[in-house]
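[1] Sequence first, predicted coordinates after that:
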Amino acid sequence: MHSFTQHTPTEIVFGKNTESKVGELVKKYGGTRVFVVYGGGSVERSGLLERVVQNLKKEGLQVETKGGVKPNPRLDFAREAVKEAIEFNADFTLAVGGGSVIDTAKAVSHGIANPNIDIWEFWSKTTPLTKTSPVGVILTLAAAGSETSDSAVLTNTEIQIKRGLGTDFNRPEFAIMNPELTYTLPKYQVGCGIVDIMMHTLDRYFTLTEGNLLTDEIAEGLLRTVIKCGKTAIKDSHDYDAMSEIMWAGSLSHNGLTGLGAEKDFAPHQLGHELSAKFDIAHGASLSAVWGAWATYCYPVKVKRFVQFADKVWGITGDDEEAVAKEAIAKTVAYFKSLDMPTCFSEAGEVGLKNDDELKQMADGCSYGGTRSIGSFKPCDKEDIYQIYKLANK
């Protein structure tokens with residue numbers, strides 16, 4: 001094993017009916033005035049939001065709610081929520097939803113603790129984040145892993161930029177995880193979630209680091225589990241066993257465990273963020289749309305890593321390492337397609353076919369005007385990013 005620091009302080013409360021413990025958990029972590037953030041739709045229709053609010057009030061807590069979070073969480077909504085939370089004198093933020101809701105709640109928690117600073121300053125890295133207020137989660141969508149991760153994203157729609165913020169201040173105090181709360185998800189969201197979970201591990205797994213045997217085994221086991229259970233979940237989102245495995249895998253895939261001791265890549269995430277920012281494509285769909293192109297462009301850097309992936313995850317072996325690597329890439333892309341996820345731009349209705357100038361513009365945006373490279377497996381500059389987008393533009 002190589003050197004690493006692992007810090008995952010979030011308390012996990014997993015299983016059926018665990019949302020009934022939310023009031024006592026908020027009190028355990030010092031909350032008295034709770035600002036509840038949610039998306040809407042199924043959370044309201046299912047009665048979950050009402051149950052949560054009543055549970056909090058039963059524990060003697062003051063409650064204010066704010067619904068309307070959209071996928072690719074918006075900066076303008078988060079700013080509005082911060083303002084309302086401060087006016088309410090909130091001392092605890094509770095997310096009821098998936099990754100976009102959780103990331104918004106994290107932004108609110110930072111805003112509560114720093115009322116005189118615009119939260120975008122933290123995401124744009126112009127002001128360091130030095131303090132926050134507590135946040136808890138009731139998870140309703142297994143995908144982003146934000147319930148245990150140190151990261152959060154926000155999309156600034158005014159300038160069409162999506163940025164991530166990584167800091168231990170983003171770690172929730174607790175995460176309530178009841179797989180039954182995912183039963184209302186449409187097939188598309190289930191598919192996006194499966195892709196997102198796999199990608200959080202793949203973006204750590206494809207590394208130049210050698211020798212992290214246990215980390216590799218954990219990553220490979222997680223991928224095999226998600227692939228197997230994803231086949232069931234995409235057909236029946238009410239299968240508790242499949243959904244429970246996927247939900248737990250989602251948390252493990254993004255709490256750092258599947259990449260301990262190795263340098264993270266995350267180039268596909270950066271490539272996908274550009275699509276999400278400009279075309280508002282769902283996060284999981286943006287990842288499946290670019291991964292095959294990224295892998296095809298980058299695999300020659302370390303063919304043996306893709307050969308290991310082929311063997312341990314897909315059971316593909318052979319003497320021709322190049323052929324095995326390419327088959328593993330094709331198998332992964334085919335799996336995404338089996339989930340009805342886009343595997344290139346023409347399959348992503350929000351994106352469609354882009355002309356060469358538009359691809360260059362996206363490469364310029366992804367590279368911050370040519371001032372940065374992305375990834376570590378193969379560091380990709382502006383020209384590399386453009387070539388990957390060209391491969392994805394089928």
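    All right, it came through fine. Residues are numbered from 1 along each chain as shown.
[2] Would you check that residue 202 makes contact with residue 268?
    Yes: using C-beta atoms under 8 Å, residue 202 is in contact with residue 268, at 7.5 Å. Quick note: C-beta positions are derived from backbone N, CA and C, even for glycine.
[3] shared neighbours, those two?
    residue 291 (C-beta atoms under 8 Å, 6 or more residues apart in numbering).
[4] residue boundaries of the helices in the stretch 101-250 of the chain?
    Along the stretch 101-250 of the chain, the segments classed as helices by DSSP state H, counting those that start in this stretch run 120-123, 187-205, 213-233, 240-253.
[5] The longest one to helix 187-205, inter-axis angle?
    In this structure, helix 213-233 runs at an angle of 170 degrees to helix 187-205, with axes from the mean of the first three to the mean of the last three C-alpha atoms, to 10 degrees as the basis.
[6] Alpha carbons of helix 213-233, as PDB, please.
    Listed next in PDB are the C-alpha coordinates belonging to helix 213-233 (Å, rounded to 0.1, in the frame of the first residue of the first chain):
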ATOM      1  CA  LEU A 213      -3.700  -4.600  -4.200                       C
ATOM      2  CA  LEU A 214      -6.400  -4.200  -1.600                       C
ATOM      3  CA  THR A 215      -7.600  -0.900  -3.000                       C
ATOM      4  CA  ASP A 216      -7.800  -2.600  -6.400                       C
ATOM      5  CA  GLU A 217      -9.700  -5.500  -5.000                       C
ATOM      6  CA  ILE A 218     -12.300  -3.200  -3.400                       C
ATOM      7  CA  ALA A 219     -12.700  -1.200  -6.500                       C
ATOM      8  CA  GLU A 220     -13.100  -4.300  -8.700                       C
ATOM      9  CA  GLY A 221     -15.500  -6.000  -6.300                       C
ATOM     10  CA  LEU A 222     -17.600  -2.800  -6.200                       C
ATOM     11  CA  LEU A 223     -17.700  -2.600 -10.000                       C
ATOM     12  CA  ARG A 224     -18.800  -6.200 -10.300                       C
ATOM     13  CA  THR A 225     -21.500  -5.800  -7.700                       C
ATOM     14  CA  VAL A 226     -22.900  -2.600  -9.400                       C
ATOM     15  CA  ILE A 227     -22.800  -4.200 -12.800                       C
ATOM     16  CA  LYS A 228     -24.700  -7.300 -11.600                       C
ATOM     17  CA  CYS A 229     -27.200  -5.500  -9.400                       C
ATOM     18  CA  GLY A 230     -27.700  -2.800 -12.000                       C
ATOM     19  CA  LYS A 231     -29.000  -5.300 -14.500                       C
ATOM     20  CA  THR A 232     -31.700  -6.200 -12.000                       C
ATOM     21  CA  ALA A 233     -32.400  -2.600 -10.800                       C
END
